[in-house]
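Novice: Structure, please.
(chains A, B and C)
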Amino acid sequence: MRKELPILVSFLFGAVVILAKYISLGPLPELIKVLDKWSIVSGAFAFLFGMINLSLLHGHNVARRKSDYLFSLYFIIVMWAFFFLGLYQTQKGYSYKWIFDNVYTPGTSTMYGMIAFYIATSAYRAFRARTMEATVLLVGAAIVMLGNAPVGAVIWKQFPVISDWLLKIPNTAGMRGILVGVYLGALTTAIRIILGLERGHLGGRG
Amino acid sequence: MFSMYWAAEAAKTPPPWLGFVSGGLAAQFVFVVFLFAATYGLIRRLQGGGRVAAIRKIAGLDAINEAVGRATEMGRPVHFTPGIGATSDPQSYAAFAVLGEVGKLTARYDTRIIVTTANAIMTAITDEIVRGAYLESGRPDAFNPDDIRYLSSAQFAYSAQVLGIFEREKVAANIMVGVFAAEALLLAEAGAQIGAIQIAASTNTFQLPFFVAACDYTLIGDEMYAASAYLSKDPALTGTVVAEDWAKMLILGVVVLGAILNTVGSKWLQNILNR
Amino acid sequence: MFWDKMQKINKYYIYALLVIALVIPMFVPLGLPISITADTRKVYDLMEKIPPGSPILMSFDYTANAVAEMDPMATALLKQAFKRGLKVVLFSQGDQGAVLAQKIGDDLAGKMKKNYGTDYVHLGYKPGGTVVLRRMVEDLWDAAANVDMNGKPLSSFPLMQNIKKITDVKAIVVISNGSPGFVEWLNYVTGPQKMPLFGGTVSVMVPGYMPYVQSGQFAGLLQGSRGTAEYELLIKEPGKAVSAQDSQSLSHLYLVTLLVLGNLGYFLRKKPADGR
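Specialist: Numbers count the residues shown, from 1 in each chain, chains lettered A, B, ... in the order given. Purely as a prediction, here's the structure:
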C-alpha cells in the first residue's frame, strides 16, 4: 500500500489535469480550479515545512554545542524574526523593506556578481582548444564576447555582425534541437509518473 | 504590426471528429494521445518478450561508479544536489533516479554522502531515497540523516552554503542532476577548484555551457530523462524512452514538411496545427 | 618554464585584474561609441506603436540578485511607457519582483507626475505560479484576488474598470532574469491568446531565448546591459546602462585575453611524459 496509494493518486490527478487542459466538458473546468487552489496551498506549506526542518537541524547543533553552534543560533533567530516581521508588516512594511533593500538585495547580488570571477578563472583554466569542437566553441565565445561590448566594433567592425549571426543561426539551430528533446523528455517523464513507472521518488526498490 | 497578432485568430475550431477538444489545441491533443499510445504499445511489446532498440552509452551515467570510487579511495564525501527545483519539475524525477543509484553505491563502499536541497519537500524525498538505498544495501545503520540537508529556498543563499560545504568537507565527487539556474557555474567552478570529479545534468540551455566547461561529464538536455531507464535497465522504462524517440521523429517530419510547405507559400499545415 | 608557472598562477591575481578592469572606466570613462542593434530598435518600435492611452501589462519577473542589470532595463521601459501616455498594470510572477516593481514604479510616477489608480496600478505578486496566469485569461480580477499589491480593491481604481481579462491589455512586457518569466507568459497567455510579448532579459539568457525571438514568439528582446544602454540612447535618457558599457568593454577584453593566455600556456608548457 505504501507505494500503490501514491501511484494511484498520481494517476488520478495527472489524468484529470491532462484531460482538463484539452477538454472542457462536464465537471472538469470546475475541478481544475479546485485542484489549482490545492496546489497553491500545498506549495505554501512547503515553506513552513522547510523552516521546521531547518530549526530542528540547527536546534540540534545548538543543543549539542557542535562546532560553530553560535552560527546555528544566529540563523534560527534571524529566520524566525524575519518570518514574523513579514507576517506582521507584510511586504510593504518599512522594516521589512529596509531589510530587503539593505541586507537581502546586496547579499544576493554579491553572490550573483561572484559568477564574474568564476567565469574569469574558468576561462583561464578550462576553455582549452583540445579538440576541433572545443576550438570552434572557443573562437565562437571570443567573437560573441567582443561583439557584445562596444570595444568589439572599435577593434573590428565585423565582430558585432559575426556575433549576431552566430547567435541567430547556428545557436538557434542547436537550441531548437535541444528544446524539442527537453520538452519531449519532460512529457515522457510525466507520462511515466502518471502510469506509475517512474518510482524513484517513492524511495527504496521500485 | 499589432493587427497582425489579432488577425492570427484564424482557424481555431477543431475538426468535427475532435469537437470535444478546446479550440487551438487539437493538434497538441492528437500528439499527446500518440505519445501515450506509443508508450503503451511499446511496453506491451516488451512485456510480451519483444525487443526494441537499446539505449546508447551515456558516459556521464557510467562515470557515477568512478566518481563514488574516487571518493572512497580518498576517504572523502560525495556531494549530490537535485538543484533548486521542486517536485513540480520533471528534472527532479531524473535526479531521484540518479540519487537512488548513487545512494546504493555510497552504501556499498561505505562512503559518506551529503545531499543538499533548496526545497523542503525535496529534502523529505531525497531523505527517503537515500535511506531506502542504505536499507536495500543492508546497511541501514550507516545512513546519517544529518547529511541530507535543506539549506535555503533562496538560490544564492543555497549556493553560498554549498560552497561552504565544499571547502569545509573537501568533497571528492560532486554530482549535480536536476534544476539549475544562475548558480550553476558557482557550484561547478567551486567544485573544480577543490579538485572534485564532477558530473552534471540539466535541461537548462542557459547553464549547459557552464557545466560543459567546468565539469568532467555533462548530460545534455533530454539525456537526463533517460537516466532512470538507463540505470534500472527496466524494459518498461526503456519502452518510454523509445516512444519518446518515435515522437521526436514525428516532430522532425512535421518540421521538414512545414519548412517545405512554407517555402512554397502554403499555409495548409500551419492552419491544421492551429486548430 | 614561464608557461608552466603561468598555468599555476594564483587565482586571486586573476580576480584582482578583473576588479581593475571593471573599476577603471568608472573613474576614467573611455566613451566608446554604442551602436544601436536591430533587436533593440524593434523593442523601441513596438512600444512606440501602441496608441497613447492604451493599457499594457509589465511583468517584473526578476529577482533581487539581478538588480544591477535589470533595474535600469525596467526603468527605461517603464519610462518610455509613461512618456507615451500608456496606462501600465504592474505585476510580478515572484515575490521579490513585486517589491522591486513597486520601488521603480512609484519613483518614476513621482518624477513623471503619474497618478496611482488612473495611470498605473500594481497588482503585486500573487502566489500560485502559472495557475495565476491561466486564470488571468478568463478573469484578471479573480486571478489577482480582486486586490492590488497593497490590498486595496481593484474596483476602486478607474484604470481597472476596462481591464477585466488579460486580453484587454495591448501587450505583455516582461523583464526577466530566469524562470518564471517569458516562457510562462508565452505558454499560458500570449501564445494561446495571440498577444504581443516583448521585453528584456539578462545577457546570459539571450542564446537560449534566440529560438523564440527568431520564430517571432517573442516580438522583441532587449539583450542584457548592452541592450538597455542602446534603449537608453533611443529614448534619449542615457543612464546607468550607458555608463556601464565601458566597464563591459574592458572586462570582455580581459576575458578574451585570459582565453588566449590560457590556451597559449596549455600548448607551450613543458609536456608531461604521457603526452597530454
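Novice: which strands and helices sit next to the helix or strand bottoming out on mean pLDDT in chain A?
Specialist: Sorting the helices and strands of chain A by mean pLDDT, DSSP states H and E puts helix A:28-63 at the bottom, at a mean of 84. Packing partners of helix A:28-63 (3 or more C-beta pairs under 8 Å, 6 or more residues apart in numbering or on different chains; DSSP states H and E): helix A:4-22, helix A:69-89, helix B:120-136, strand B:148-150, helix C:130-138. Every residue, glycine included, has its C-beta placed from N, CA and C.
Novice: Mind giving me the packing neighbours of the longest one?
Specialist: In this structure, helix A:69-89 packs against helix A:28-63, helix A:94-99, with contacts taken as 3+ C-beta pairs under 8 Å, 6+ apart.
Novice: do the shortest one and chain B meet at all?
Specialist: Looking back up the chat, that one is helix A:94-99. No - taking C-beta under 8 Å from any C-beta of the partner chain as the criterion, helix A:94-99 and chain B are apart, separated by no less than 13.2 Å.
Novice: Give me the contact list for that helix.
Specialist: A:Phe82, A:Leu85, A:Gly86, A:Gln89, A:Thr90, A:Gln91, C:Val99 (C-beta atoms under 8 Å, 6 or more residues apart in numbering or on different chains).
Novice: can you count the residues close to the first one?
Specialist: It stands for A:Phe82. Neighbour count for A:Phe82, taken as other C-beta atoms under 10 Å in any protein chain shown: 16.
Novice: again, but for the last one
Specialist: In terms of burial, C:Val99 registers 23 neighbours under the definition other C-beta under 10 Å.
Novice: do A:Arg176 as well
Specialist: Going by other C-beta under 10 Å, the residues that sit close to A:Arg176 add up to 17.
Novice: Over to B:Pro140?
Specialist: B:Pro140, neighbours per other C-beta under 10 Å, totals 12.
Novice: ok, now C:Gly191?
Specialist: Residues near C:Gly191, counting by other C-beta under 10 Å: 14.
Novice: and it, what element?
Specialist: Element membership for C:Gly191 (DSSP states H and E) is helix C:191-193.
Novice: Show me what that helix is in contact with.
Specialist: For helix C:191-193, the external contacting residues (C-beta under 8 Å, 6+ apart) are B:Gly24, C:Val137, C:Ile166, C:Thr167, C:Gln217.
Novice: hmm, stretch C:2-22 in reach of chain A?
Specialist: Yes - using C-beta under 8 Å from any C-beta, stretch C:2-22 reaches chain A at C:Ile9, C:Lys11, C:Ile14, C:Tyr15, C:Leu18, C:Leu22.
Novice: Say whether chain B is contacted by that stretch.
Specialist: Yes - contact of stretch C:2-22 with chain B (C-beta under 8 Å from any C-beta) involves C:Lys11.
Novice: CA atoms only for that stretch - export them in PDB, please.
Specialist: Output in PDB follows, covering the C-alpha atoms of stretch C:2-22 (Å, rounded to 0.1, in the frame of the first residue of the first chain):
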ATOM      1  CA  PHE C   2      57.500  30.500 -17.700                       C
ATOM      2  CA  TRP C   3      54.300  28.900 -19.200                       C
ATOM      3  CA  ASP C   4      54.400  26.200 -16.600                       C
ATOM      4  CA  LYS C   5      54.300  28.800 -13.900                       C
ATOM      5  CA  MET C   6      51.600  30.700 -15.700                       C
ATOM      6  CA  GLN C   7      49.400  27.600 -15.700                       C
ATOM      7  CA  LYS C   8      49.600  27.500 -11.900                       C
ATOM      8  CA  ILE C   9      49.000  31.200 -11.400                       C
ATOM      9  CA  ASN C  10      47.200  32.100  -8.100                       C
ATOM     10  CA  LYS C  11      43.500  32.700  -8.900                       C
ATOM     11  CA  TYR C  12      43.500  35.800  -6.700                       C
ATOM     12  CA  TYR C  13      45.700  37.600  -9.300                       C
ATOM     13  CA  ILE C  14      43.100  36.800 -11.900                       C
ATOM     14  CA  TYR C  15      40.300  38.100  -9.700                       C
ATOM     15  CA  ALA C  16      42.200  41.300  -8.900                       C
ATOM     16  CA  LEU C  17      42.800  42.200 -12.500                       C
ATOM     17  CA  LEU C  18      39.100  41.700 -13.200                       C
ATOM     18  CA  VAL C  19      38.200  44.200 -10.500                       C
ATOM     19  CA  ILE C  20      40.700  46.700 -12.000                       C
ATOM     20  CA  ALA C  21      39.200  46.200 -15.500                       C
ATOM     21  CA  LEU C  22      35.700  46.800 -14.100                       C
END
